[in-house]
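A.B. asks: Make a model of this:
(one chain, ligands or ions: 2)
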Amino acid sequence: MQRSSCIFCRIADGDLPANRVHEDDEIVAFHDLSPQAPTHILVIPRRHIVSAEELTGDDAALAGRLLLVAGGLARSEGIAEGGYRLVTNVGTDGGQSVPHLHLHLLGGRAMGWPPG
Ligand code: 5GP
Ligand code: ZN
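C.D. replies: Numbering: from 1, shown residues only. Ligands and ions are numbered 1, 2, ... in the order given. Below is the predicted model of the structure:
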C-alpha cells in the first residue's frame, strides 16, 4: 500500500491534520476524530503495519513502546488514576475500520464489559 492512500500514514507524515499529543521518531498519538469517551487517543507507529496480526518478533521493541507511550499519555492526560482501557481492533470481526495498527486509549468514564 502507498502511504498516500492510508489516512493514518498521512496523519503521521503531517499531510492530514490531527490534534497530536505525542510524536517521536517511531510513534505518533492524536485525538480520535469521533471520541467514544472523554479521553480517546489513538497511538500509532509511523511505519505502515496493518494490524497487530502483522507484528513479528522484529517488532517487539516497537510493540512495547506503543504500550509505554499509551501509558505515559494516560498519566499526562490525567486518566491513569481512575483507570483506562487500551484496545486494538484487528480485522473484520475485531471491528477494525482503519487498516493501520493503532491503540485506542480510552478513559474519563467507567467502561463496560463485555465489549460490543
Ligand atoms: P478502528 O475502528 O480501526 O479500531 O479505529 C479507527 C478509529 O479512527 C476510529 O475510532 C475513528 O473515529 C478514527 N478515525 C478515522 N478517521 C480519522 C481521522 O481522519 N482522524 C482522526 N483523528 N481519527 C480518525
Ligand atoms: Zn498506514
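A.B. asks: CA only for contacts and neighbour counts going forward, please
C.D. replies: Will do.
A.B. asks: Next, find the distance separating Leu86 from ligand 2.
C.D. replies: According to Cα to the ion, to the nearest Å, Leu86 stands 20 Å off from ligand 2.
A.B. asks: residue contacts, that residue?
C.D. replies: With contacts defined as Cα atoms under 8 Å, 6 or more residues apart in numbering, Leu86 is in contact with 70, 103-106.
A.B. asks: Then Gly83?
C.D. replies: Contacts for Gly83 (Cα under 8 Å, 6+ apart) come out as 107-108.
A.B. asks: How about the residues of this protein by ligand 1?
C.D. replies: Residues of the chain found near ligand 1 (Cα under 6 Å from any ligand atom) are 18, 31-34, 89, 95-98.
A.B. asks: just checking, Ile27 touches Gly64?
C.D. replies: No. Using Cα atoms under 8 Å, Ile27 is not in contact with Gly64; the gap is 11.4 Å.
A.B. asks: Looking at the two now, which is surrounded by more residues?
C.D. replies: Between Ile27 and Gly64, counted using other Cα atoms under 10 Å, the more crowded position is Ile27 (17 against 11).
A.B. asks: before we move on, back to that, going by distance to Ser76, which of the residues of the chain next to ligand 1 wins?
C.D. replies: Distance to Ser76 across the residues of the chain next to ligand 1 (Cα to Cα) is lowest for His31, with 13.7 Å.
A.B. asks: where along this protein do the helices fall?
C.D. replies: 7-12, 60-76, 91-94 (DSSP state H).
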